[in-house]
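>>> here are the coordinates; sequence isn't available:
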Ligand SMILES: Cc1c2[nH]c(c1CCC(=O)O)Cc1[nH]c(c(CCC(=O)O)c1C)Cc1[nH]c(c(CCC(=O)O)c1C)Cc1[nH]c(c(C)c1CCC(=O)O)C2
């Protein structure tokens, strides 16, 4: 599989993901292809969001935009898509106007019957696999390509809430009122995620990330009960499937946003090579908790990018000191996605600061 594509010229990400203390931290940014880029907004003027996702040609073009703009500064590309393509593959309608909206969310466990009984991943999400293949070729080995999916708890929450939420009242009602049915649905989503990630790796993804964006909505007790088992199921089963199909393993990243009280559990039993952290935990503290069992990824508060060059430089310097304070790999990133109002030149400054302050002498 690997040999079908141009050889990789920058393996910093892969080395850091395997736990190596690299000469400087590799850096990429969640949502690096997005609305803060004028070249992205230009494509969106004439194409709907999911149209961009579904067109391998457009998805590739958009994935490459930040790699070209920040040439030599970014160490990975992430395929342009969305976590909500999995609920779509399971038979749900999802609109983006401008935030996600499900016209028919799951209201009671009885509604699970409305989901497709089996999901043919190639038929439903083959367009993502095509986009990965095309992007691998077009990247020409400049940087590795990351594939991704949403974590089952986060997808479950969207499928039940029907969109974003402040209280997660409906999704949590399910957890507490129908724990068995909730676990059954979480498992069903997990199975689709495994198929999807294996397909992405076979298509050319060189790392994969699982986004549990709503992990911090759960108490650590409920995270352990409802989200963690699904995350662990995914890492285990992806690895087993790859081995059975004689496909080389790739590093797996888990970003359980804000689940900082569960870092020990994730490092010990999650089965991921890399754990993403948000800005609510100090890098040095995170490092103390996980030791050198996993690589850490993160974690500057994305809104520091609004604070100007001085603020960005100070924050990067402090972040680098924290991550370098103990043994283990570090992948620099923000603590969550970049937001639409950021000046692209301020992101460039962030990347330059990471190159400077993460260097190990
Ligand atoms: C929760 C979540 C979603 N999608 C995603 C998550 C997990 C990460 C996170 O927590 O931010 C993941 C995602 N969404 C997108 C990517 C592409 C790759 C990348 O550059 O990181 C990735 C990895 C593109 C996108 N996904 C979306 C956009 C903007 C939509 C547009 O183009 O109009 C992009 C570039 C839309 C989207 N998609 C989603 C929301 C809530 C929204 C609307 C709000 C927002 O814009 O942040 C669901």
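Happy to help now that I have it. Since the structure is predicted, the reported quantities are computational estimates derived from the model, not experimental observations.
>>> show the contacting residues for residue 49.
82, 96 (CB atoms under 8 Å, 6 or more residues apart in numbering). Bear in mind the C-beta positions are built from the backbone N, C-alpha and C, glycine included.
>>> and for residue 343?
Taking CB under 8 Å, 6+ apart, we find residue 343 in contact with 36, 305.
>>> go again using 10 Å as the cut-off
Going by CB atoms under 10 Å, 6 or more residues apart in numbering, residue 343 touches 36, 305-306, 308, 349.
>>> alongside the ligand, which residues does the stretch 101-250 of the chain contribute?
148, 164, 211, 213 (CB under 6 Å from any ligand atom).
>>> quick one: the first one and residue 78 touch, right?
Yes: because the distance of 6.5 Å satisfies CB atoms under 10 Å, residue 148 is recorded as touching residue 78.
>>> okay, and the common contacts of those two?
Shared contacts of residue 148 and residue 78, counting by CB under 10 Å, 6+ apart, come down to 30, 205, 207, 209.
>>> among these, which pair sits farthest apart?
The largest distance within the shared contacts of residue 148 and residue 78, taken as CB to CB, falls between 30 and 205 and amounts to 15.9 Å.
>>> pLDDT score for the residue in the chain that the ligand sits nearest to?
Nearest to the ligand, among the residues of the chain, is residue 213, at 3.1 Å (CB to the nearest ligand atom). We note a pLDDT of 98 for residue 213 in this prediction.
>>> and it, how close does it get to residue 272?
When distance is defined by CB to CB, to the nearest Å, residue 213 is 16 Å away from residue 272.
>>> and the residues of the stretch 101-250 of the chain next to the ligand, which is closest to residue 333?
The closest of these to residue 333 turns out to be residue 211 (CB to CB; 12.3 Å).
>>> what is the distance between the lengthiest helix in the chain and the centre of its chain?
Counting by DSSP state H, the longest helix found in the chain is helix 179-203. Centroid displacement of helix 179-203 relative to its chain, using CA atoms, centre = their mean, to the nearest Å, is 15 Å.
>>> that helix - contacts with which helices or strands?
Using 3 or more CB pairs under 10 Å, 6 or more residues apart in numbering; DSSP states H and E, the elements in contact with helix 179-203 are helix 85-89, helix 121-139, strand 145-150, helix 152-161, helix 169-177, strand 207-212, helix 228-244.
>>> just give me how far the longest one sits from the chain centre.
The chain centroid and the centroid of helix 121-139 are separated by 17 Å under CA atoms, centre = their mean.
>>> next one: the fifth one
Its chain's average C-alpha position is 25 Å from that of helix 169-177, according to CA atoms, centre = their mean.
>>> how about residues contacting it?
Residues contacting helix 169-177 (CB under 10 Å, 6+ apart): 105-109, 153-154, 156-162, 165, 168, 181-183, 185-186, 214, 217-218, 222, 225-227.
>>> give me the buried subset of those residues.
Neighbour counting with 16 or more other CB atoms under 10 Å marks 105-106, 153-154, 156-162, 165, 168, 182-183, 185-186, 214, 217-218, 222, 226-227 as buried within the contacts of helix 169-177.
>>> how far does stretch 244-257 stretch from start to finish?
31 Å (CA to CA, to the nearest Å).
>>> oh sorry, the question was meant for stretch 335-346
16 Å.
>>> residue ranges with poor pLDDT in this structure?
For the chain, applying pLDDT under 70 flags the ranges 1-3.
>>> let's see it at 80
Along the chain, segments meeting pLDDT under 80 span 1-3, 361.
>>> wait, isn't residue 190 in contact with residue 234?
Yes: in this structure residue 190 lies within contact range of residue 234 using CB under 10 Å: 5.7 Å.
>>> higher neighbour count, the two?
residue 234 (27 against 23; other CB atoms under 10 Å).
>>> isn't the more buried one right up against residue 209?
No: the pair residue 234 / residue 209 is not scored as a contact, 11.2 Å apart, by CB under 10 Å.
>>> now the common contact residues for the two.
Counting by CB under 10 Å, 6+ apart, the common neighbours of residue 234 and residue 209 are 149, 151, 197, 252, 254, 272.
>>> quick check: the second one vs residue 214, distance?
When distance is defined by CB to CB, residue 151 is 8 Å away from residue 214.
>>> what's the overlap in contacts for these two?
157, 227, 256-257.
>>> contacting residues for the nearest residue to residue 212 once chain neighbours are set aside?
The shortest distance from residue 212 to any non-neighbouring residue, by CB to CB, 6 or more residues apart in numbering, is to residue 151 (3.4 Å). Taking CB under 10 Å, 6+ apart, we find residue 151 in contact with 83, 157, 186, 189-190, 193, 209-215, 227-228, 230-231, 234, 254-257.
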